[in-house]
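Novice: need the 3D shape of this:
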Amino acid sequence: MKIVDLDGFAANPGDISWDAFKQLGDFVVYDNSNKEQVIERAKDADILLVNKIEITEDIIEQLPKLKYIGELATGYNNIDISAARNKGIIVTNIPAYSTDSVAQMVFAHLLNVATHVDYYASETRKGVWSSKDTFCYWDKPLMELAGKTLGIIGLGNIGFKVAKIGHTLGMDISAYTSKESGDLPEWIRKTTLEGLYSTANVITLHCPLTPDNSKMINEKAFEQMHQGTILINTGRGGLVDEKAVFTALENGKLKAYCADVLTQEPPQNDLPLLKQPNAFITPHIAWATIEARKRLLEIAVENIKAFIQGKPQNVVNK
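Specialist: Coordinates of the predicted model:
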């Protein structure tokens, strides 16, 4: 059984052992692969592992030995799952491995906007506090989260974890979700997308990227939001229209845009959003705690074992 990982560096830059994969077959891992290298490196693979490498219909057609594609992430929009299904290729993903880590990042961003921890720590290093006559100072307004409305789009594992943390902090929780109201705790209010936009002080995105919701946060959506809304995106960059986000930051419709994802990754250095002072952008690391990455690889191994035994699990193209 030939197993090839085309871009293993992101999940494992060298701080976790690959031994469990080596015990499953002839295992080859590449740190990364460009488009021109994919076919050559994957041509003999029975099992292909990818994280962000695009596996298109054209690529699938050129890999006749391929039986299984393992997405080393939860989102799998980089794989043409219909083309894989048509060829009888099983596609799996890794659900729920990063729930705690991503929820933690959501509130790292939100608390930074609310209390400006990074800014004030930097000011203190510069000696600004030492120059003051009083025991404290602040020149940016501080905000308490209790009593604010947290609007969550997508109430899967991560969205629900975010809801629980927000509720613990005293926030009012509303959600746009396919779940029935009766299946939700009484402290989560199910709402329409329009209702969420018009009532939330903070909006956080936790839905997969699909053709139907691409750029769902756009100029029309911003028209329905409060002035000074905080928008958090740890889902996918394509869920937002980044030009509209920039405009909303410039005119104050958004107080802050907190994102761990962008439409293009890595971004072009001249992307205007990167220079906007109220855009707080981290380099797609919410999932990347060592604890989460260990869980990811452990589940990936179990997925492959289940496939080999004829009982595939976490299949996304049934």
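
Novice: can you give me the strands in this structure?
Specialist: Using DSSP state E, the strands found in the chain span residues 2-5, 26-29, 47-50, 68-71, 90-92, 149-153, 172-176, 188-190, 202-205, 229-233, 254-259, 279-281.

Novice: so what touches the last one?
Specialist: Read that as strand 279-281. 109, 112-113, 245-246, 249, 256-260, 262, 273-274 (CB atoms under 8 Å, 6 or more residues apart in numbering). Yep, even glycine has a C-beta here, placed from its N, CA and C like the rest.

Novice: the residue most central in space within the chain and Asn77: what is the separation?
Specialist: Nearest to the geometric centre of the chain sits Gly235, at 3.4 Å (CA atoms, centre = their mean). As for Gly235, its distance to Asn77 is 11 Å (criterion: CB to CB, to the nearest Å).

Novice: shared neighbours, the two?
Specialist: Shared contacts of Gly235 and Asn77, defined by CB under 8 Å, 6+ apart, comprise 208-209.

Novice: about what we covered before: may I see the ChimeraX selection of the buried members of the contacts of strand 279-281?
Specialist: Restricted to buried positions by 16 or more other CB atoms under 10 Å, the ChimeraX selection for the contacts of strand 279-281 reads:
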select :109,113,245,246,249,256,257,258,259,260,262,273
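
Novice: now the contacts of strand 279-281 in CSV, with pLDDT and distance to Asn12?
Specialist: Formatted as CSV, the contacts of strand 279-281 follow (pLDDT from 0 to 100; distance: CB to CB, whole Å):
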residue, pLDDT, distance to Asn12
His109, 98, 25
Asn112, 98, 28
Val113, 98, 32
Val245, 98, 32
Phe246, 98, 35
Leu249, 98, 36
Ala256, 98, 33
Tyr257, 98, 30
Cys258, 98, 27
Ala259, 98, 25
Asp260, 98, 20
Leu262, 98, 23
Leu273, 96, 30
Leu274, 96, 28
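
Novice: between the contacts of strand 279-281, which sits nearest Ala73?
Specialist: Nearest to Ala73 among the contacts of strand 279-281 is Asp260, at 13.2 Å by CB to CB.

Novice: buried stuff in stretch 172-189?
Specialist: Buried residues in stretch 172-189, counted by 16+ other CB under 10 Å: 172-177, 184, 188-189.

Novice: what's the most distant pair in those?
Specialist: Taking CB to CB as the measure, these reach their widest spread between Asp172 and Thr177, a distance of 15.7 Å.

Novice: and the chain, what are its domains?
Specialist: Domains of the chain are assigned by the TED database as 2-97+290-309, 98-281.
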